[in-house]
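>>> sequence plus the predicted model coming up.
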Amino acid sequence: MRRFLIGWILIVLLLPFAAAWIYSEWSEKNQQIEQESSQLQIDVQTVSGVQRMGTSDFLIGAIAGQIPAEFEVETLKAQAVMARSCLYKQAGDRYYISASDTGMTWCSETERKKMWGTSYKENNDRIRQAVRETDGQILYSEGGQMILPAWFYIGNGKTRSAKEAWGEETSWFQSVESSWDIESPEYETTTEMTKRQLIRQMKRYDPAFDCPAETLASNCEITAVDSAGYVTEIQIGNRLMSGEDFRYALELPSACFKIAFESNQVQIRVYGRGHGVGFDQYGANRQAKEGKNYEQLLQYYLTGVKVGE
């Protein structure tokens, strides 16, 4: 009985030390994981000077400006994997990289609070969760190559292949159906202007552009579209230009458009938002609502990719 009591006393006395040791081991391992996942440091230009931060902090600010924070967490997780892939791909073997070299814009805490208002904490926590739950994960091609992904907000019901959009064959940028887009209230927009306003905008984009307002209608023709319905070539005035260039000249949401002239007015109907290549955020979010996880979303829109560390 006495030995039994002595044994219990020893256990009670040693228990706090054992717990402390276990916690110390776990904490050290957890810190090591965090350090390993944040080895890459990013220099961000802020109003107070250059701020150096880890991968996770940078991604939270970057993702905030890339996708609606109220989207499903699985969609946000897919965006986190793509943003991290871009970051690592651009960094290469470097341990430090300037935010300007990442191709991504970073939103500061002040900007996020202004953008989200009373929803700041909820939205920030959702993005933080997406970054944390995909920690270290990036995208690889079937051949094991780290890829540089692309994404856009809303398509026209079908994504574009890189070959048709940019003239470059890329195995993970193939055209896929995305009919969910058509149900978005932002799927179709209409831009209206006078002929002279259009000419002014064209000249601002290309000073060499020339076309009298009187002959604009007869000198404007869409001459080529791709299989997804996006304009790839348009003849307007003295210029033969790509649909993307025309889109940027007139600040249109996408290069999937139709033009109509009536008297002095020009009406341009535009379908979708963005370049249409790669990951369709709206379509993915609709699939997430139906139960798809982030890996399934990525593999649907980016053909043959694998998620790994």
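Arrived safely, thanks for sending.
>>> who's Ile154 bridged to?
Arg273 (DSSP bridges).
>>> what about it, neighbour count?
25 (other C-beta atoms under 10 Å). Bear in mind the C-beta positions are built from the backbone N, C-alpha and C, glycine included.
>>> contacting residues around it?
Applying C-beta atoms under 8 Å, 6 or more residues apart in numbering, we find Ile154 in contact with 181, 184, 186-187, 272-274, 280-283.
>>> pLDDT score for it?
With respect to pLDDT, Ile154 has a value of 98.
>>> between the contacts of Ile154, which is nearest Thr75?
Gln281 (6.8 Å; C-beta to C-beta).
>>> any idea how far that closest one lies from Gln287?
For Gln281, the distance to Gln287 equals 11 Å [C-beta to C-beta, to the nearest Å].
>>> neighbour count: those two, which is higher?
Gln281 (27 against 22).
>>> pretty sure the more buried one is touching Ala150, no?
No: contact criterion C-beta atoms under 8 Å: Gln281 and Ala150 do not qualify, at 11.3 Å.
>>> can you give me the helices for the stretch 1-150 of the chain?
2-37, 55-64, 73-91, 109-116, 120-133 (DSSP state H, counting those that start in this stretch).
>>> least reliable of the ones you listed going by mean pLDDT?
Among those, helix 2-37 scores lowest, at a mean of 50.
>>> domain ranges for this protein?
41-151+277-308, 188-271 (automatic domain parsing).
>>> ends of the last one, what's the gap?
For domain 188-271, the first and last residues are 5 Å from each other (C-alpha to C-alpha, to the nearest Å).
>>> my guess is Ala83 contacts Gly103, does it?
No: contact criterion C-beta under 8 Å: Ala83 and Gly103 do not qualify, at 10.1 Å.
>>> all the strands of the stretch 151-300 of the chain, residue numbers only.
Assigned strands in the stretch 151-300 of the chain, in chain order: 151-152, 188-194, 220-225, 231-236, 239-241, 257-262, 265-271, 279-280 (criterion: DSSP state E, counting those that start in this stretch).
>>> make CSV out of the ones you listed and add mean neighbour count and distance to Lys292.
Listed next are the strands of the stretch 151-300 of the chain as CSV, based on neighbours: other C-beta atoms under 10 Å; distance: least, C-beta to C-beta, whole Å:
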stretch, mean neighbour count, distance to Lys292
strand 151-152, 21, 16
strand 188-194, 14, 25
strand 220-225, 15, 30
strand 231-236, 19, 31
strand 239-241, 17, 38
strand 257-262, 15, 30
strand 265-271, 18, 24
strand 279-280, 26, 13
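>>> for Gly92, which of the ones you listed is the nearest?
Once the strands of the stretch 151-300 of the chain are compared by C-beta to C-beta, strand 151-152 is nearest, at 21.3 Å.
>>> quick one: contacts of that closest one?
66-67, 79, 82, 272-281.
>>> tell me the buried residues within the residues you listed.
Buried members of those, scored by 16 or more other C-beta atoms under 10 Å, are 66-67, 79, 82, 272-281.
>>> now those residues in a markdown table, with distance to Tyr230?
Formatted as a markdown table, the buried ones among the contacts of strand 151-152 follow (distance: C-beta to C-beta, whole Å):
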| residue | distance to Tyr230 |
| --- | --- |
| Gln66 | 21 |
| Ile67 | 22 |
| Gln79 | 23 |
| Met82 | 21 |
| Gly272 | 8 |
| Arg273 | 12 |
| Gly274 | 11 |
| His275 | 8 |
| Gly276 | 6 |
| Val277 | 9 |
| Gly278 | 13 |
| Phe279 | 16 |
| Asp280 | 13 |
| Gln281 | 17 |
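>>> looking at those, which is nearest Ser171?
Gly278 (12.2 Å).
>>> let me see the contact set for that closest one.
149-152, 159, 172-173, 301-302.
>>> what about those residues, which one has the most neighbours?
Counting by other C-beta under 10 Å, top hit in the contacts of Gly278: Thr159 with 30 neighbours.
>>> quick one: it and Gln281 touch, right?
No: Thr159 is not in contact with Gln281 according to C-beta under 8 Å; the separation is 11.3 Å.
>>> now do the shared contacts for the two.
Counting by C-beta under 8 Å, 6+ apart, nothing touches both Thr159 and Gln281.
>>> ok so, going back, closest to Arg196 out of the contacts of strand 151-152?
Arg273 (27.0 Å).
>>> show me what contacts that closest one?
152-154, 186, 253-254.
>>> show me how far stretch 181-197 is from its chain's centre.
Averaging C-alpha positions (C-alpha atoms, centre = their mean, to the nearest Å) puts stretch 181-197 22 Å from its chain's average.
>>> start to end distance for it?
End to end - C-alpha to C-alpha - stretch 181-197 spans 30 Å.
>>> and the end-to-end length of stretch 211-225?
Using C-alpha to C-alpha, first and last residues of stretch 211-225 are 23 Å apart.
>>> now that stretch: mean pLDDT?
Averaged over stretch 211-225, pLDDT sits at 97.
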